[in-house]
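Student: structure for the following, please:
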Amino acid sequence: MPFRAEPLQLTEEEHTELRQMTLSRMLPAGDVFRARLILMLAEGRSYAEIQRRLDTTAPTISRWRKRFVEDRVAGLMEERHPGQKPSVITPALQARVLAATRRKPKDGSTHWSCRKLAKQLGLSKDTVHRVWRIAGLRPHRLERYMASDDPDFESKAADIISLYLNPPQHAAVFCVDEKSAIQALDRLDPVLPMSPGRAERHGFEYYRHGTLSLYAALEVNSGKVHGKTAARHTSQEFVSFLTEVVEHCPRNQEIHIILDNLSAHKTKKVEEFLAQHPNVKLHFTPTYSSWLNQVEIWFSRIERDVIARGVFTSVKDLARKLMRYIKAYAASARPIHWKYSDVSRRIRPC
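Tutor: Take a look at the predicted model:
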(Lines give C-alpha, C1' and ligand atoms only; values in the text may rest on other atoms or scores of the structure.)
Protein backbone atom coordinates (compact mmCIF):
# COMPACT_ATOMS: atom_id res chain seq x y z
CA MET A 1 0.00 0.00 0.00
CA PRO A 2 1.17 3.57 -0.62
CA PHE A 3 2.86 5.14 2.35
CA ARG A 4 0.58 7.59 4.19
CA ALA A 5 1.98 9.67 7.00
CA GLU A 6 -0.29 10.88 9.73
CA PRO A 7 -2.17 13.94 8.39
CA LEU A 8 -0.80 17.30 9.50
CA GLN A 9 -2.98 19.31 11.82
CA LEU A 10 -3.52 22.89 10.65
CA THR A 11 -5.13 25.75 12.42
CA GLU A 12 -7.79 27.71 10.59
CA GLU A 13 -5.40 30.64 10.15
CA GLU A 14 -2.65 28.37 8.75
CA HIS A 15 -5.07 26.72 6.34
CA THR A 16 -6.29 30.10 5.08
CA GLU A 17 -2.75 31.45 4.69
CA LEU A 18 -1.53 28.37 2.82
CA ARG A 19 -4.58 28.46 0.54
CA GLN A 20 -3.88 32.10 -0.30
CA MET A 21 -0.29 31.23 -1.05
CA THR A 22 -1.32 28.59 -3.60
CA LEU A 23 -3.50 31.15 -5.39
CA SER A 24 -0.87 33.92 -5.39
CA ARG A 25 0.68 35.15 -8.62
CA MET A 26 3.30 37.24 -6.85
CA LEU A 27 5.08 34.69 -4.65
CA PRO A 28 8.07 32.69 -5.89
CA ALA A 29 7.17 29.34 -7.43
CA GLY A 30 9.02 27.52 -4.64
CA ASP A 31 6.79 29.05 -1.94
CA VAL A 32 3.64 28.07 -3.87
CA PHE A 33 4.96 24.53 -4.32
CA ARG A 34 5.61 24.11 -0.60
CA ALA A 35 2.20 25.49 0.36
CA ARG A 36 0.48 22.99 -1.95
CA LEU A 37 2.60 20.16 -0.54
CA ILE A 38 1.63 20.96 3.08
CA LEU A 39 -2.08 21.25 2.19
CA MET A 40 -1.99 17.84 0.53
CA LEU A 41 -0.27 16.35 3.58
CA ALA A 42 -2.99 17.91 5.77
CA GLU A 43 -5.61 16.22 3.56
CA GLY A 44 -3.99 12.84 4.26
CA ARG A 45 -2.73 12.27 0.70
CA SER A 46 -0.17 9.49 0.18
CA TYR A 47 3.44 10.23 -0.67
CA ALA A 48 3.00 8.49 -4.06
CA GLU A 49 0.10 10.74 -5.01
CA ILE A 50 1.94 13.89 -3.92
CA GLN A 51 5.04 12.83 -5.86
CA ARG A 52 2.96 12.26 -8.98
CA ARG A 53 0.91 15.46 -8.77
CA LEU A 54 3.75 17.79 -7.76
CA ASP A 55 6.51 16.00 -9.70
CA THR A 56 8.75 15.72 -6.65
CA THR A 57 10.47 13.05 -4.52
CA ALA A 58 9.77 11.39 -1.19
CA PRO A 59 12.85 12.90 0.56
CA THR A 60 11.68 16.37 -0.49
CA ILE A 61 8.22 15.72 0.97
CA SER A 62 9.73 14.45 4.23
CA ARG A 63 12.08 17.40 4.51
CA TRP A 64 9.38 20.03 4.14
CA ARG A 65 6.99 18.11 6.42
CA LYS A 66 9.64 18.17 9.13
CA ARG A 67 10.33 21.88 8.51
CA PHE A 68 6.65 22.71 8.84
CA VAL A 69 6.29 20.74 12.06
CA GLU A 70 9.24 22.65 13.54
CA ASP A 71 8.57 26.20 12.33
CA ARG A 72 5.05 26.07 10.87
CA VAL A 73 4.35 28.40 7.91
CA ALA A 74 7.42 30.55 8.56
CA GLY A 75 9.63 27.53 7.89
CA LEU A 76 8.34 27.31 4.32
CA MET A 77 9.31 30.83 3.34
CA GLU A 78 13.06 30.40 2.81
CA GLU A 79 15.61 27.83 1.71
CA ARG A 80 18.12 26.74 4.33
CA HIS A 81 21.23 26.27 2.25
CA PRO A 82 24.49 26.73 4.11
CA GLY A 83 26.08 28.20 0.97
CA GLN A 84 29.78 28.64 0.44
CA LYS A 85 32.02 30.44 2.81
CA PRO A 86 32.74 33.84 1.27
CA SER A 87 36.27 34.20 -0.02
CA VAL A 88 38.30 37.17 1.18
CA ILE A 89 40.73 38.74 -1.26
CA THR A 90 43.66 39.75 0.89
CA PRO A 91 46.42 42.08 -0.36
CA ALA A 92 48.77 39.10 -0.44
CA LEU A 93 46.38 37.07 -2.60
CA GLN A 94 45.81 40.03 -4.90
CA ALA A 95 49.56 40.58 -5.31
CA ARG A 96 50.03 36.87 -6.06
CA VAL A 97 47.39 36.88 -8.78
CA LEU A 98 48.67 40.09 -10.35
CA ALA A 99 52.27 38.89 -10.34
CA ALA A 100 51.25 35.64 -12.05
CA THR A 101 49.16 37.55 -14.59
CA ARG A 102 52.19 39.56 -15.71
CA ARG A 103 54.15 36.37 -16.41
CA LYS A 104 53.57 34.54 -19.68
CA PRO A 105 51.86 31.11 -19.54
CA LYS A 106 54.26 28.19 -19.88
CA ASP A 107 52.04 26.32 -22.34
CA GLY A 108 53.03 28.62 -25.21
CA SER A 109 49.85 30.70 -25.29
CA THR A 110 50.19 34.47 -25.35
CA HIS A 111 47.94 35.45 -22.43
CA TRP A 112 45.96 34.12 -19.48
CA SER A 113 42.28 33.35 -19.21
CA CYS A 114 40.43 33.30 -15.87
CA ARG A 115 40.13 29.52 -15.85
CA LYS A 116 43.69 28.88 -16.98
CA LEU A 117 45.22 31.12 -14.31
CA ALA A 118 42.84 29.86 -11.64
CA LYS A 119 43.91 26.27 -12.36
CA GLN A 120 47.57 27.30 -12.28
CA LEU A 121 47.20 29.00 -8.87
CA GLY A 122 44.69 26.60 -7.34
CA LEU A 123 41.99 29.28 -7.02
CA SER A 124 38.46 29.68 -8.30
CA LYS A 125 37.92 31.48 -11.58
CA ASP A 126 35.63 33.97 -9.79
CA THR A 127 38.46 34.96 -7.44
CA VAL A 128 40.82 35.60 -10.37
CA HIS A 129 38.11 37.56 -12.17
CA ARG A 130 37.45 39.72 -9.09
CA VAL A 131 41.16 40.52 -8.71
CA TRP A 132 41.39 41.46 -12.39
CA ARG A 133 38.28 43.63 -12.15
CA ILE A 134 39.62 45.47 -9.09
CA ALA A 135 42.98 46.05 -10.82
CA GLY A 136 41.37 46.97 -14.15
CA LEU A 137 43.15 44.15 -16.03
CA ARG A 138 41.78 42.58 -19.21
CA PRO A 139 44.40 40.14 -20.51
CA HIS A 140 42.24 39.20 -23.52
CA ARG A 141 42.32 42.79 -24.81
CA LEU A 142 45.10 44.14 -27.01
CA GLU A 143 45.70 47.70 -28.17
CA ARG A 144 48.18 48.70 -30.87
CA TYR A 145 49.99 51.99 -31.09
CA MET A 146 52.32 53.84 -33.45
CA ALA A 147 54.87 56.17 -31.93
CA SER A 148 56.09 59.08 -34.03
CA ASP A 149 59.86 59.48 -34.21
CA ASP A 150 59.59 62.96 -35.74
CA PRO A 151 61.73 65.42 -33.70
CA ASP A 152 59.39 68.24 -34.81
CA PHE A 153 56.22 66.38 -33.88
CA GLU A 154 54.77 69.06 -31.60
CA SER A 155 55.36 71.99 -33.97
CA LYS A 156 53.94 70.10 -36.96
CA ALA A 157 50.94 68.80 -35.01
CA ALA A 158 50.20 72.25 -33.58
CA ASP A 159 50.38 73.74 -37.07
CA ILE A 160 47.79 71.28 -38.40
CA ILE A 161 45.50 71.51 -35.38
CA SER A 162 45.53 75.30 -35.64
CA LEU A 163 44.26 74.98 -39.22
CA TYR A 164 41.35 72.92 -37.90
CA LEU A 165 40.50 75.13 -34.92
CA ASN A 166 41.47 78.57 -36.16
CA PRO A 167 42.02 78.61 -39.95
CA PRO A 168 43.20 81.81 -41.68
CA GLN A 169 40.33 84.09 -42.63
CA HIS A 170 38.95 83.54 -46.17
CA ALA A 171 41.37 80.64 -46.70
CA ALA A 172 40.45 77.13 -47.83
CA VAL A 173 41.82 74.14 -45.89
CA PHE A 174 41.84 70.68 -47.46
CA CYS A 175 42.88 67.29 -46.09
CA VAL A 176 44.27 65.27 -48.99
CA ASP A 177 45.32 61.64 -49.29
CA GLU A 178 44.92 58.61 -51.52
CA LYS A 179 43.43 55.21 -50.75
CA SER A 180 45.48 52.89 -52.91
CA ALA A 181 44.97 49.36 -54.24
CA ILE A 182 41.20 49.17 -53.72
CA GLN A 183 40.20 45.75 -55.04
CA ALA A 184 37.24 45.30 -57.37
CA LEU A 185 35.97 42.00 -55.95
CA ASP A 186 33.07 40.17 -57.54
CA ARG A 187 31.35 37.35 -55.63
CA LEU A 188 31.09 34.06 -57.54
CA ASP A 189 27.97 33.07 -55.57
CA PRO A 190 24.84 35.23 -55.32
CA VAL A 191 24.45 37.49 -52.29
CA LEU A 192 21.66 36.25 -50.01
CA PRO A 193 19.79 39.25 -48.57
CA MET A 194 19.09 39.59 -44.89
CA SER A 195 15.81 38.31 -43.49
CA PRO A 196 14.26 38.28 -39.99
CA GLY A 197 16.74 36.54 -37.71
CA ARG A 198 19.39 36.11 -40.41
CA ALA A 199 22.19 38.44 -41.54
CA GLU A 200 23.11 39.16 -45.14
CA ARG A 201 25.36 36.39 -46.46
CA HIS A 202 28.15 36.53 -49.04
CA GLY A 203 29.75 33.56 -50.70
CA PHE A 204 33.31 32.78 -49.67
CA GLU A 205 34.77 32.69 -53.20
CA TYR A 206 35.35 35.81 -55.23
CA TYR A 207 36.92 36.99 -58.49
CA ARG A 208 39.42 39.88 -58.49
CA HIS A 209 38.91 42.18 -61.48
CA GLY A 210 41.76 44.54 -60.60
CA THR A 211 42.55 47.53 -58.42
CA LEU A 212 42.40 51.31 -58.49
CA SER A 213 43.33 54.24 -56.28
CA LEU A 214 41.02 56.90 -54.90
CA TYR A 215 42.26 60.46 -54.36
CA ALA A 216 40.19 62.49 -51.92
CA ALA A 217 40.30 66.07 -50.65
CA LEU A 218 38.13 66.81 -47.63
CA GLU A 219 37.26 70.48 -47.18
CA VAL A 220 37.64 71.15 -43.46
CA ASN A 221 35.13 74.00 -43.35
CA SER A 222 32.20 72.12 -44.93
CA GLY A 223 33.14 68.44 -44.67
CA LYS A 224 32.50 67.96 -48.41
CA VAL A 225 34.84 65.68 -50.36
CA HIS A 226 36.26 66.06 -53.84
CA GLY A 227 37.34 62.71 -55.26
CA LYS A 228 39.05 61.20 -58.26
CA THR A 229 39.90 57.63 -59.21
CA ALA A 230 43.11 56.59 -60.93
CA ALA A 231 44.69 53.35 -62.09
CA ARG A 232 47.88 54.13 -60.15
CA HIS A 233 48.95 56.52 -57.42
CA THR A 234 51.90 58.33 -58.98
CA SER A 235 53.27 61.82 -58.49
CA GLN A 236 51.79 62.84 -61.85
CA GLU A 237 48.31 61.68 -60.79
CA PHE A 238 48.74 63.47 -57.46
CA VAL A 239 49.65 66.78 -59.13
CA SER A 240 46.74 66.36 -61.54
CA PHE A 241 44.38 65.91 -58.59
CA LEU A 242 45.80 68.97 -56.79
CA THR A 243 45.17 70.98 -59.95
CA GLU A 244 41.51 69.92 -59.89
CA VAL A 245 41.20 70.91 -56.22
CA VAL A 246 42.68 74.33 -56.87
CA GLU A 247 40.38 74.89 -59.87
CA HIS A 248 37.36 74.41 -57.62
CA CYS A 249 38.46 77.37 -55.45
CA PRO A 250 38.16 81.09 -56.24
CA ARG A 251 41.11 82.53 -58.14
CA ASN A 252 44.10 83.48 -55.94
CA GLN A 253 42.36 82.23 -52.76
CA GLU A 254 44.78 81.16 -50.05
CA ILE A 255 44.76 77.32 -49.96
CA HIS A 256 46.24 75.11 -47.26
CA ILE A 257 46.60 71.38 -47.95
CA ILE A 258 47.25 68.84 -45.17
CA LEU A 259 48.86 65.58 -46.32
CA ASP A 260 51.21 62.83 -45.20
CA ASN A 261 54.87 62.16 -46.00
CA LEU A 262 54.43 59.82 -48.99
CA SER A 263 57.33 60.15 -51.42
CA ALA A 264 54.90 60.97 -54.26
CA HIS A 265 53.98 64.15 -52.35
CA LYS A 266 57.54 65.51 -52.37
CA THR A 267 58.75 65.10 -55.94
CA LYS A 268 60.08 67.69 -58.40
CA LYS A 269 56.68 67.78 -60.12
CA VAL A 270 55.07 68.81 -56.83
CA GLU A 271 57.66 71.56 -56.40
CA GLU A 272 56.90 72.81 -59.91
CA PHE A 273 53.18 72.84 -59.10
CA LEU A 274 53.80 74.91 -55.96
CA ALA A 275 55.93 77.34 -57.92
CA GLN A 276 53.06 77.83 -60.39
CA HIS A 277 50.53 78.24 -57.55
CA PRO A 278 52.09 80.48 -54.87
CA ASN A 279 48.72 80.67 -53.07
CA VAL A 280 48.95 76.94 -52.21
CA LYS A 281 50.83 75.79 -49.11
CA LEU A 282 51.43 72.16 -48.10
CA HIS A 283 51.37 71.08 -44.44
CA PHE A 284 52.90 67.66 -43.80
CA THR A 285 51.81 65.58 -40.83
CA PRO A 286 54.56 64.24 -38.53
CA THR A 287 55.90 60.80 -39.40
CA TYR A 288 53.61 57.92 -38.43
CA SER A 289 50.85 60.42 -37.59
CA SER A 290 48.38 60.12 -40.44
CA TRP A 291 45.63 60.12 -37.78
CA LEU A 292 46.06 63.92 -37.76
CA ASN A 293 44.68 64.00 -41.30
CA GLN A 294 40.88 64.24 -41.14
CA VAL A 295 40.42 62.59 -44.54
CA GLU A 296 41.50 59.31 -42.91
CA ILE A 297 38.26 59.44 -40.89
CA TRP A 298 36.30 59.79 -44.11
CA PHE A 299 38.26 56.92 -45.71
CA SER A 300 37.17 54.65 -42.86
CA ARG A 301 33.58 55.66 -43.58
CA ILE A 302 33.67 54.86 -47.30
CA GLU A 303 35.42 51.59 -46.44
CA ARG A 304 32.47 50.57 -44.25
CA ASP A 305 29.73 51.94 -46.48
CA VAL A 306 30.94 50.92 -49.95
CA ILE A 307 34.12 48.88 -50.17
CA ALA A 308 34.06 46.23 -47.44
CA ARG A 309 30.79 44.58 -48.49
CA GLY A 310 30.66 45.82 -52.07
CA VAL A 311 30.28 43.59 -55.12
CA PHE A 312 31.97 45.03 -58.21
CA THR A 313 31.70 43.52 -61.69
CA SER A 314 34.70 45.48 -63.00
CA VAL A 315 37.16 48.24 -62.11
CA LYS A 316 34.88 50.71 -63.92
CA ASP A 317 31.97 49.53 -61.78
CA LEU A 318 34.06 50.10 -58.65
CA ALA A 319 35.00 53.62 -59.81
CA ARG A 320 31.39 54.44 -60.64
CA LYS A 321 30.10 53.32 -57.23
CA LEU A 322 32.83 55.23 -55.39
CA MET A 323 32.07 58.47 -57.23
CA ARG A 324 28.32 57.97 -56.77
CA TYR A 325 28.86 57.69 -53.03
CA ILE A 326 31.01 60.85 -52.97
CA LYS A 327 28.33 62.78 -54.85
CA ALA A 328 25.59 61.59 -52.49
CA TYR A 329 27.76 62.28 -49.45
CA ALA A 330 28.00 65.97 -50.39
CA ALA A 331 24.26 66.39 -49.72
CA SER A 332 24.65 65.58 -46.02
CA ALA A 333 28.33 66.40 -45.43
CA ARG A 334 29.27 67.99 -42.11
CA PRO A 335 32.60 69.26 -40.80
CA ILE A 336 34.51 66.98 -38.44
CA HIS A 337 34.77 68.34 -34.91
CA TRP A 338 37.72 67.08 -32.90
CA LYS A 339 38.19 67.01 -29.16
CA TYR A 340 40.73 65.50 -26.81
CA SER A 341 39.52 62.44 -24.93
CA ASP A 342 42.39 62.83 -22.44
CA VAL A 343 42.90 66.47 -21.49
CA SER A 344 46.16 65.60 -19.74
CA ARG A 345 47.77 65.04 -23.14
CA ARG A 346 48.18 68.41 -24.77
CA ILE A 347 50.09 69.87 -27.69
CA ARG A 348 52.02 72.96 -26.67
CA PRO A 349 51.32 75.92 -28.98
CA CYS A 350 54.08 76.97 -31.35
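Student: just the strands in the stretch 201-350 of the chain please.
Tutor: Counting by DSSP state E, counting those that start in this stretch, the stretch 201-350 of the chain has strands at residues 206-219, 225-230, 255-259, 280-284.
Student: swap in the stretch 51-200 of the chain?
Tutor: Using DSSP E, counting those that start in this stretch, strands in the stretch 51-200 of the chain cover 172-187.
Student: OK, contacts around the closest residue to Phe153 other than its chain neighbours?
Tutor: Nearest in space to Phe153, with sequence neighbours left out and distances taken as Cβ to Cβ, 6 or more residues apart in numbering, is Pro286 at 4.3 Å. Just so you know, the C-beta spots here come from the backbone N, C-alpha and C atoms, and that holds for glycine as well. Pro286 sits next to Ser148, Asp150, Asp152, Phe153, Lys156, Ala157, Leu292 when contact means Cβ atoms under 8 Å, 6 or more residues apart in numbering.
Student: tell me where the stretch 51-200 of the chain has helices.
Tutor: Along the stretch 51-200 of the chain, counting by DSSP state H, counting those that start in this stretch, helices occupy 58-71, 91-102, 114-121, 125-135, 153-165.
Student: in a markdown table: these, plus mean pLDDT, mean neighbour count and distance to Val270.
Tutor: A markdown table is the format used below for the helices of the stretch 51-200 of the chain (pLDDT from 0 to 100; neighbours: other Cβ atoms under 10 Å; distance: least, Cβ to Cβ, whole Å):
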| stretch | mean pLDDT | mean neighbour count | distance to Val270 |
| --- | --- | --- | --- |
| helix 58-71 | 80 | 14 | 86 |
| helix 91-102 | 93 | 13 | 49 |
| helix 114-121 | 93 | 16 | 55 |
| helix 125-135 | 93 | 16 | 51 |
| helix 153-165 | 89 | 17 | 18 |
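Student: run a quick neighbour tally on Gly108.
Tutor: A count of nearby residues for Gly108, using other Cβ atoms under 10 Å, gives 6.
Student: tell me the pLDDT of it.
Tutor: Looking at Gly108, its pLDDT stands at 89.
Student: closest to the centroid, which residue in this protein?
Tutor: By Cα atoms, centre = their mean, the chain has its centre lying nearest to Arg141, at 11.6 Å.
Student: got the phi and psi for it?
Tutor: phi -90, psi 150 (degrees, to the nearest 10).
Student: the one 3 residues further on now?
Tutor: Dihedral angles phi and psi of Arg144 (degrees, to the nearest 10) take the values phi -110, psi 150.
Student: how many neighbours does it have?
Tutor: For Arg144, the neighbour count with other Cβ under 10 Å is 4.
Student: can you start the count at 22 instead of 1 from here on
Tutor: With the count now opening at 22, the last piece we talked about shows up as Arg165.
Student: for Val194, which residues are in contact?
Tutor: By Cβ under 8 Å, 6+ apart, Val194 lies in contact with Leu184, Tyr185, Pro188, Glu240, Val241, Asn242, Ile276, His277, Ile278, Ile279.
Student: one more time with 10 Å
Tutor: Residues in contact with Val194 (Cβ atoms under 10 Å, 6 or more residues apart in numbering) are 181, 184-185, 188, 239-242, 275-279, 304, 315.
Student: may I have the beta-bridge partners of it?
Tutor: Following DSSP bridges, Val194 is listed with bridge partners His277.
Student: can you read off the pLDDT for it?
Tutor: pLDDT recorded at Val194 is 94.
Student: any idea how far Phe262 is from it?
Tutor: As judged by Cβ to Cβ, to the nearest Å, Val194 and Phe262 stand 17 Å apart.
Student: returning to what we had before: what subset of the contacts of Val194 is buried?
Tutor: 181, 184-185, 239-241, 275-279, 304, 315 (16 or more other Cβ atoms under 10 Å).
Student: and which of the residues you listed is nearest to Thr255?
Tutor: Lowest distance from Thr255 to the buried ones among the contacts of Val194 (Cβ to Cβ) belongs to Ile278, with 17.8 Å.
Student: and the pLDDT for Ala26?
Tutor: pLDDT recorded at Ala26 is 65.
Student: sorry, that was for Glu38
Tutor: Looking at Glu38, its pLDDT is 82.
Student: so it makes contact with Thr32?
Tutor: Yes: counting by Cβ atoms under 10 Å, Thr32 is a contact partner of Glu38 at 9.4 Å.
Student: these two - which one has more neighbours?
Tutor: Neighbours around Glu38 and Thr32, counted as other Cβ under 10 Å, are more numerous at Glu38. The numbers are 15 against 10.
Student: next one: the more buried one from Ala285, what distance?
Tutor: For Glu38, the distance to Ala285 (Cβ to Cβ) stands at 87 Å.
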